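A.B. asks: Pasting the sequence and the predicted model now:
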Amino acid sequence: MSGAVSEAVGRRPLLGLLTAEAVSLTGTRVSAVALPWFVLVTTGSATRTGLVAFCEMAPYVLVKALAGPLVDRIGPRVISWSTDSVSAVAAGLVPLLYALHLLSFWSLLLLVAVVGAVRGPGDLAKHVMVPEASERSGVPLERATGLAGVTERLASTLGPLAGGSLVAVAGPMTGLLINAVSFALGSVIIALALPRGMGRTAVPASDESAGGPEQGYWRRFGEGFAFLRGEPLLLAITVMVGVTNLLDAAFSAVLLPFWVRSHGHGPELIGLLGSVGGISAVCGSLIAAGMAHRLRRRPVFFIGFLLAGAPRFLVLALHAPLWAVVAVFLVGGLGGGFLNPIIGAVAYERVPRRLLGRVGALGDSLAWAGIPVGGLLAGLAVASFGLVPVLLAGGVAYFVTTNLTGLRPEWRAMDRRAERTADRLIGRTVESGSEPRREPAARRLAG
């Protein structure tokens, strides 16, 4: 018993990080069902539903892109718990103002914009802490990224299920209140469970060891940009994921809710479909966590996208029976479960520890750049052309993006594990002058 307790204590950093991630992500997934449904049933407008999604995700992407140097400088632990606290307050004001009959559409847009702006740095900070939490807990990096993928998929399973049920039984404001509570709880877990200074072990040391003055914000930002620009594989992943994220945002924020409502179903069906995909994605992530080091990354990556992407759009456009829709979401979730563990492992292998914040911020923001306009464009397109043509166009675009992209030569580097030196494993970058040493051939990031 004492051995099990000591093992749990030794793995506290990773367990704490994953728990906080699970809590905050679950609340976000609940909100992803409750918020579009609330706007759709109160306004009846697909365009306004897309506008709300835009006002949340545009600040998310913009602030996240600029937050990397600050995360590296201040420390991801502090950034994580403080931004989650602000998110809790802003998210909690939505049901409060609604209960007081003071919530206008424009005040709703402002509050979701605040949540998006602070959630971007918070998500980035948690991402940056994964390698150090892995080392402190004595867990291999592939397994840690796999467990992070499982955590995300569990949230994507429980969140939509809880969100759909809550919205159907108690109304959308209950789901939005749960979102606020989850942010507050995630903040407390990060503050209490993770050691002080978590995520900063490699950052100040690299600057101080050179004996020069501390780097300024724009120099840090430029260093991250230069590194990402010099990694063709990371850029290729980022661009492809950017396009698919735009299509995914259009699907989840507008197309699926509109299809569900137009077919006479309620929000519980959105939750059911999300949970079916999430359960199978958990299985995929668990398989990836246990077998990642034995799998060829490139074929698994593209097969996963083939299963997870276009079929969802096409099965709705073809008016397939509900059992077929459920089956497509089930198979798609299984394929999608392999994606983030592979992307995460490639990124952590190739990006030096001291650059994780700034490179991660830029890579994530480029990959997420299409998400703000995905819902907005989908709302405008549905209003102009109808639901079925937009679903068909989205499915074709998804298929082309995730298949033709893989023919480019830089993808071959995905199957070649980057050499991990002892210095990188303990959080130091081997340097020659001021530039980090890395392999010249390219070998990042999640959507």
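C.D. replies: That came through, no problem.

A.B. asks: ok, which stretches of the stretch 301-447 of the chain are strands?
C.D. replies: For the stretch 301-447 of the chain, the strands defined by DSSP state E, counting those that start in this stretch cover 431-432, 435-436.

A.B. asks: Name the surrounding residues that touch stretch 76-92.
C.D. replies: For stretch 76-92, contacts defined as Cβ atoms under 8 Å, 6 or more residues apart in numbering pick out 20, 24, 31, 67, 70-71, 111, 114-115, 118-119, 121-122, 124-126, 128-129, 176-177, 179-181, 183-184, 186-188, 190-191, 194-200, 357. No exception for glycine: its C-beta is placed from N, CA and C like everyone else's.

A.B. asks: and these, which are buried?
C.D. replies: If you count burial by 16 or more other Cβ atoms under 10 Å, the buried members of these come out as 20, 24, 31, 67, 70-71, 111, 114-115, 118-119, 121-122, 124-126, 128-129, 176-177, 179-180, 183-184, 186-187, 190-191, 194, 198-200, 357.

A.B. asks: Which of those residues fall within helices?
C.D. replies: 20, 24, 31, 67, 70-71, 111, 114-115, 118-119, 121-122, 124-126, 128, 176-177, 179-180, 183-184, 186-187, 190-191, 357 (DSSP state H).

A.B. asks: hey, C-alpha coordinates of stretch 128-141 in PDB?
C.D. replies: Extracted C-alpha coordinates of stretch 128-141, given in PDB (Å, rounded to 0.1, in the frame of the first residue of the first chain):
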ATOM      1  CA  VAL A 128       3.800  23.400 -22.400                       C
ATOM      2  CA  MET A 129       3.900  21.600 -19.000                       C
ATOM      3  CA  VAL A 130       3.400  18.100 -20.400                       C
ATOM      4  CA  PRO A 131       7.100  17.200 -21.100                       C
ATOM      5  CA  GLU A 132       8.200  18.300 -17.600                       C
ATOM      6  CA  ALA A 133       5.300  16.600 -15.900                       C
ATOM      7  CA  SER A 134       6.200  13.500 -17.800                       C
ATOM      8  CA  GLU A 135       9.800  13.700 -16.600                       C
ATOM      9  CA  ARG A 136       8.900  14.500 -13.000                       C
ATOM     10  CA  SER A 137       6.500  11.600 -12.900                       C
ATOM     11  CA  GLY A 138       8.900   9.100 -14.500                       C
ATOM     12  CA  VAL A 139       6.500   8.500 -17.500                       C
ATOM     13  CA  PRO A 140       7.800   8.000 -21.100                       C
ATOM     14  CA  LEU A 141       6.900  11.000 -23.300                       C
END
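
A.B. asks: any idea how far that stretch is from the chain center?
C.D. replies: Distance of stretch 128-141 from its chain centroid, counting by Cα atoms, centre = their mean, to the nearest Å, is 19 Å.

A.B. asks: Show the low-confidence segments of the stretch 101-250 of the chain, by residue range.
C.D. replies: Applying pLDDT under 70 to the stretch 101-250 of the chain flags residues 142, 197, 199-218.

A.B. asks: show me where it has strands.
C.D. replies: Going by DSSP E, counting those that start in this stretch, the stretch 101-250 of the chain shows no strands.

A.B. asks: check contacts around residue 74.
C.D. replies: So residue 74 contacts nothing (Cβ under 8 Å, 6+ apart).

A.B. asks: How about the backbone phi and psi for it?
C.D. replies: When quoted as degrees, to the nearest 10, the phi and psi of residue 74 stand at phi -80, psi -30.

A.B. asks: Does residue 272 lie in a helix or a strand, and which?
C.D. replies: Using DSSP states H and E, residue 272 sits within helix 267-291.

A.B. asks: For that helix, which helices and strands make contact with it?
C.D. replies: Applying 3 or more Cβ pairs under 8 Å, 6 or more residues apart in numbering; DSSP states H and E, one finds that helix 267-291 contacts helix 12-43, helix 141-170, helix 256-262, helix 322-336, helix 339-350.

A.B. asks: Skipping adjacent residues, who's closest to residue 246 in space?
C.D. replies: If the residues on either side of it in the chain are set aside, residue 246 comes closest to residue 370, at 2.7 Å by Cβ to Cβ, 6 or more residues apart in numbering.

A.B. asks: wait, I meant residue 19
C.D. replies: Leaving aside its sequence neighbours, residue 19 sits nearest to residue 189 (Cβ to Cβ, 6+ apart; 5.6 Å).

A.B. asks: same deal with residue 64?
C.D. replies: residue 120 (3.1 Å).

A.B. asks: now swap in residue 23 and tell me
C.D. replies: Excluding the flanking residues, the one nearest residue 23 by Cβ to Cβ, 6+ apart is residue 186, at 4.6 Å.

A.B. asks: I figured that neighbour hits residue 24, correct?
C.D. replies: Yes: between residue 186 and residue 24 there is a contact at 3.7 Å, judged by Cβ atoms under 8 Å.
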